[in-house]
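Peer 1: Build me a structure from this.
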Amino acid sequence: MRAVTWQGKRKISVEQVPDPVIQEPGDAIVRVTSTAICGSDLHLYELFGPFLDAGDILGHETMGVVEEVGPGVTSLQVGQRVVIPFNISCGACWMCTRGLQSQCERTQVTEYGSGAALFGYTKLYGQVPGGQAELLRVPIADYNTIPVGETLPDERYLFLSDILPTAAQGVAYAGVGRGDTALVLGLGPVGQFAARLAAHRGARVLAVDPVPERREMAARHGIAVCEPGDVDEAAVDFSDGRGPDAVIDAVGMEAHGSPGVHAAHTAIGALPDVLAKPMMEHAGVDRAAALLQGIDLVRRGGTVSISGVYVGNADPLPMKTLFDKQITIKMGQCNVKRWIDDLLPLVEQHDDPLGTADLTTHRVPLASAPEMYELFQKKEDGCIKVVLDPATDSADTGSAPGR
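Peer 2: Numbering: from 1, shown residues only. Got it, this is the predicted structure:
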């Protein structure tokens, strides 16, 4: 089969690799119909080389059709259309039964002190082959699949794999509802959905991003938007002078405005793996400008909800400000299955209230993945969300969403 593989820093290639096979009775093999490039995949493209091997298959936003099931699978049938959650969990352990699937005790990567294994996401999370490929092996398949309908296009369902539940968790952790004010930092795919979900819950939402196309997309869905240089004043005006009730950080460690840490990222990336690994595991290596801005802007007694990925273990926080302002911080890897029962009816609703059909800007063949990683990282050509189509011949191109 063909698969998108990591070959080195900023070096992605599509290679012929062996087809996955059933390894455990509970496995299933899924033929991929759509798979997306996530903002967190860009961390692998740029920074996480010490925890990757050349040839690792990337991708954790995947859906397709069940092609084969192991003898222990009881709820899936060949030919069934499914979405694959990005975290691999058992559904039965202490953590899973409490809605903490990202901390699954059966799949935790104890070697690195990490939570549940993830598809396509480094040795830190199990080095499980990812879904940017023609086929995907799904462990514990009865639980790690989301059966969906047959008639709607893939883009109505695909984002249930990661970014839509990630946004839902961010909004839930923010605790905003009717009449509240929310500030969303960053209008990448997660920020787009976080803003829409907060508005769907009745909150008044202001969102900030430096990229005009991202602001324009959010504005189409009734979100008030501003540029980073205007956010301090806009956030105060938007919230009657107190600051927003909650700030949702949908940016994470690659925020603009942290040139010193950017230089550290570059330096660490140039080191041999044996030196880079301990620095990444134990040092503060995050560009935390967005988080620090959120702490400054949120009202006293408000909440900062973090959906963006951070990886540093020694990042400084303004503890005096946090304590004095009585700020609550909630964060964590998304527990995908926890939010599906709430989200599935919304993505299937006739009027598409979350605008799932208005997110994908580039739908391209799998063979175009290397160019799309670069385009997405540089935020060029209005690129907000890339979906790869393994079934499309590399000679075909296009950007129209659809199955």
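Peer 1: Where does residue 31 sit, in terms of helix or strand?
Peer 2: strand 28-37 (DSSP states H and E).
Peer 1: what are the pairing partners of that strand, and which direction each?
Peer 2: Counting by DSSP bridges, the strands paired with strand 28-37 are strand 61-69 (antiparallel), strand 135-138 (antiparallel), strand 386-389 (antiparallel).
Peer 1: what about the stretch 251-400 of the chain, any weak spots by pLDDT?
Peer 2: 254-286, 393-400 (pLDDT under 70).
Peer 1: Now residue 112. Nearest residue, chain neighbours left out?
Peer 2: residue 124 (4.8 Å; CB to CB, 6 or more residues apart in numbering). For the C-beta atoms, the positions are set from N, CA and C on the backbone; glycine is no exception.
Peer 1: my guess is that neighbour is in a strand, correct?
Peer 2: No. Applying DSSP: H, G, I helix; E, B strand; the rest coil, one finds residue 124 to be helix, outside a strand.
Peer 1: my read: it touches residue 108, true?
Peer 2: No. Look at residue 124 against residue 108 with CB atoms under 8 Å: they stay out of range, at 11.5 Å.
Peer 1: tell me, what's touching these two both at once?
Peer 2: Common contacts of residue 124 and residue 108, defined by CB atoms under 8 Å, 6 or more residues apart in numbering, comprise residue 114.
Peer 1: all strands for the stretch 151-300 of the chain, in order.
Peer 2: Assigned by DSSP state E, counting those that start in this stretch, the stretch 151-300 of the chain shows strands spanning 181-185, 204-208, 224-226, 246-249.
Peer 1: Just tell me which of the strands paired with strand 28-37 ends up closest to residue 150.
Peer 2: Shortest distance between residue 150 and the strands paired with strand 28-37, using CB to CB, is found for strand 61-69: 9.9 Å.
Peer 1: State the distance from residue 357 to residue 165.
Peer 2: 18 Å (CB to CB, to the nearest Å).
Peer 1: Comparing these two, which shows the higher neighbour count?
Peer 2: Just comparing residue 357 and residue 165: by other CB atoms under 10 Å the higher neighbour count belongs to residue 165, 27 against 14.
Peer 1: That one and residue 328, how far apart?
Peer 2: For residue 165, the distance to residue 328 - CB to CB - is 21 Å.
Peer 1: For residue 185, which residues are in contact?
Peer 2: 191, 207, 208, 247, 248, 249, 250, 251, 290, 293, 294.
Peer 1: The closest residue to residue 308 other than its chain neighbours: what's it in contact with?
Peer 2: Take residue 308 and drop its neighbours on the chain: the residue closest to it by CB to CB, 6+ apart is residue 252, 2.5 Å away. Listed by CB under 8 Å, 6+ apart, the contact set of residue 252 reads 39, 40, 186, 286, 290, 306, 307, 308, 309, 310.
Peer 1: Now do residue 392: how many residues are near it, please.
Peer 2: 16.
Peer 1: what's the burial count for the spatially closest residue to it that is not a sequence neighbour?
Peer 2: Leaving aside its chain neighbours, residue 392 sits nearest to residue 365 (4.2 Å; criterion: CB to CB, 6+ apart). Neighbours of residue 365 under the rule other CB under 10 Å: 20.
Peer 1: isn't residue 365 right next to residue 389, touching?
Peer 2: Yes. Between residue 365 and residue 389 there is a contact at 5.9 Å, judged by CB under 8 Å.
Peer 1: Overlap of the contact sets of those two?
Peer 2: Residues touching both residue 365 and residue 389 (CB under 8 Å, 6+ apart): there are none.
Peer 1: Next up, phi/psi of the residue nearest to residue 392, please.
Peer 2: Backbone torsions for residue 365, taken as degrees, to the nearest 10, come to phi -60, psi 160.
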